[in-house]
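A.B. asks: Quick one, fold the following:
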Amino acid sequence: MAGLEIEIAVSGDPRHASEVIKERLEQLPAVGSAEFEVKEIRQGFAETASLLLGTVAVLKLSRMGISELRHLLRELAGLQKDLTGAQSILVNVGGEKLEPEKVDDGKLEKLAKLLGLSDK
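C.D. replies: I've put the predicted structure just below:
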């Protein structure tokens, strides 16, 4: 299994957020597992927020790798709207951190290749 690296900035309870995200992502056919580490970050003098650093284990898909990956990115984008306290979600595409909805076809193909997925 290959791992998709994501960062999710959250306010509120980061452990609850990570459990909700993990549960939702692991329902997708392309996802084997999702694991998150919580890192506290400062947002000014007295404010802190949490950054969830995660790896989503993507199953190798022989037929519809890119379409399944696109669905996973749509689900990540939807999480930001649905999850109370999710401030931002970023996906690592070859060292470039992008919002899931900003991953165009070219970046999607690059990500699929980095993850070892095939669209044949």
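A.B. asks: So which residue is smack in the middle of this structure?
C.D. replies: Against the mean C-alpha coordinate of the chain, by CA atoms, centre = their mean, the closest residue is Ile6 at 4.1 Å.
A.B. asks: Need the nearest residue in space to that one, chain neighbours excluded.
C.D. replies: Gly54 (4.9 Å; CB to CB, 6 or more residues apart in numbering). Using the backbone N, CA and C atoms, a C-beta is placed for each residue, glycine as well.
A.B. asks: pretty sure that neighbour is touching Glu5, no?
C.D. replies: Yes. Shown here, Gly54 and Glu5 form a contact pair, counting by CB atoms under 8 Å, at 7.3 Å.
A.B. asks: the more surrounded of the two?
C.D. replies: Gly54 (22 against 15; other CB atoms under 10 Å).
A.B. asks: Just list whatever residues bridge to that one.
C.D. replies: Ile6, Phe36 (DSSP bridges).
A.B. asks: confidence score at it?
C.D. replies: We have a pLDDT of 86 for Gly54.
A.B. asks: before we move on, what about Ala77?
C.D. replies: pLDDT at Ala77 comes out at 89.
A.B. asks: how many neighbours does it have?
C.D. replies: Counted with other CB under 10 Å, Ala77 comes out at 17.
A.B. asks: which ones are touching it?
C.D. replies: By CB atoms under 8 Å, 6 or more residues apart in numbering, the contact set of Ala77 is Ile89, Glu99, Pro100, Glu101.
A.B. asks: swap the cut-off to 10 Å and go again
C.D. replies: Ala77 makes contacts with Ile89, Val91, Glu99, Pro100, Glu101, Lys102, Val103, as judged by CB atoms under 10 Å, 6 or more residues apart in numbering.
A.B. asks: So how do I select the buried members of those residues in PyMOL?
C.D. replies: Of those, the buried ones can be selected in PyMOL as follows, counting by 16 or more other CB atoms under 10 Å:
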select buried, resi 89+91+100+103
